[in-house]
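1. Next come a sequence and a model predicted from it.
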Amino acid sequence: LHWYSIQQPLQQANTIDRRLNDWNLSHVDTALKLAKNGDIIAIHEAGELSNNFRFYNKRNNLYAYVGIVLMEKGVPMVYFAGGNKENPNQPLQRDSLKHYIYPNHVVNFGIYRFDMNRKQVAQLEKSVRDAYKNELPFDPQFNLEDDSLMYNTEFVYKMYRQVLADSITNFTTSD
């Protein structure tokens, strides 16, 4: 799904216009209805940092950040690893899907779903919740070798790799 303003140059996009645009809001509502446990949510936020990060993706540079959706009392929540200059080792974060994709700060988003059985979804959910409970810190050095800290895409990749090891062996870390 893409926001209405994606056709406009990013530096000129008016966040108030995006936020009040009925077309954008209907996509948020649709995403809230479609989201399921274990979905991957990918976003591109307005801003220079997100613009820079999205070009590291060699297959699809529409998105800069990803998270994992888990349902909590019927509400889709997104778990993601994110840090900043003020808090480089921020622990794993959790936010509602509605806020995570809301058009006041997100330019576009996509929802992806692996074909998983109930046991795999439950295993993924447990791993994500354990990482959140244990306050897994963000990895500002982007080191794939150390699992005691993780950056955004590393967190998502490694959570799914635990569950779908045989199914995602064709992904390399550069993918």
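-> Great, that's in hand.
2. what's residue 148 sitting at in phi/psi?
-> phi -80, psi -20 (degrees, to the nearest 10).
3. my bad, should have said residue 149
-> Torsion angles, degrees, to the nearest 10, at residue 149: phi -140, psi 140.
4. Please name the residues that touch the closest residue to it other than its chain neighbours.
-> The shortest distance from residue 149 to any non-neighbouring residue, by Cβ to Cβ, 6 or more residues apart in numbering, is to residue 139 (3.6 Å). To be clear about C-beta, it is placed using only N, CA and C from the backbone, and glycine gets the same treatment. Counting by Cβ atoms under 8 Å, 6 or more residues apart in numbering, residue 139 makes contact with 81, 83, 146, 149-151, 154.
5. What of residue 95?
-> Contacts of residue 95 by Cβ under 8 Å, 6+ apart are 77-78, 80.
6. quick one, phi/psi of the residue nearest to residue 149?
-> According to degrees, to the nearest 10, residue 139 has phi -100, psi 100.
7. how much space between it and residue 83?
-> 8 Å (Cβ to Cβ, to the nearest Å).
8. which residues do these two both contact?
-> residue 151.
9. Would you mark the buried spots in the helix or strand encompassing residue 153?
-> Element membership for residue 153, per DSSP states H and E: helix 152-163. For helix 152-163, a neighbour-count test (16 or more other Cβ atoms under 10 Å) marks 152-157, 159-160, 163 as buried.
10. so what's residue 147 up against?
-> residue 158.
11. Validate this expectation: it resides in a strand.
-> No. Under DSSP: H, G, I helix; E, B strand; the rest coil, residue 147 sits outside any strand and is assigned coil.
12. And the pLDDT at it?
-> Listed pLDDT for residue 147 reads 89.
13. Could you do the one 5 residues further on as well?
-> At residue 152 the predicted local distance difference test score is 86.
14. Next, work out how far apart it and residue 111 are.
-> 16 Å.
15. what's the answer for residue 146, then?
-> From residue 146 to residue 111 the distance is 29 Å (Cβ to Cβ).
16. what about those two, which has more around it?
-> residue 111 (18 against 10; other Cβ atoms under 10 Å).
17. Confirm for me that the more buried one is in contact with residue 43.
-> No. If you go by Cβ atoms under 8 Å, residue 111 and residue 43 don't touch, sitting 10.2 Å apart.
18. Return the residues in contact with the closest residue to residue 67 other than its chain neighbours.
-> In this structure, residue 67 finds its nearest non-sequential neighbour in residue 80, 3.5 Å apart by Cβ to Cβ, 6+ apart. Shown in contact with residue 80 (Cβ under 8 Å, 6+ apart): 65-68, 92-95, 100, 152, 155-156.
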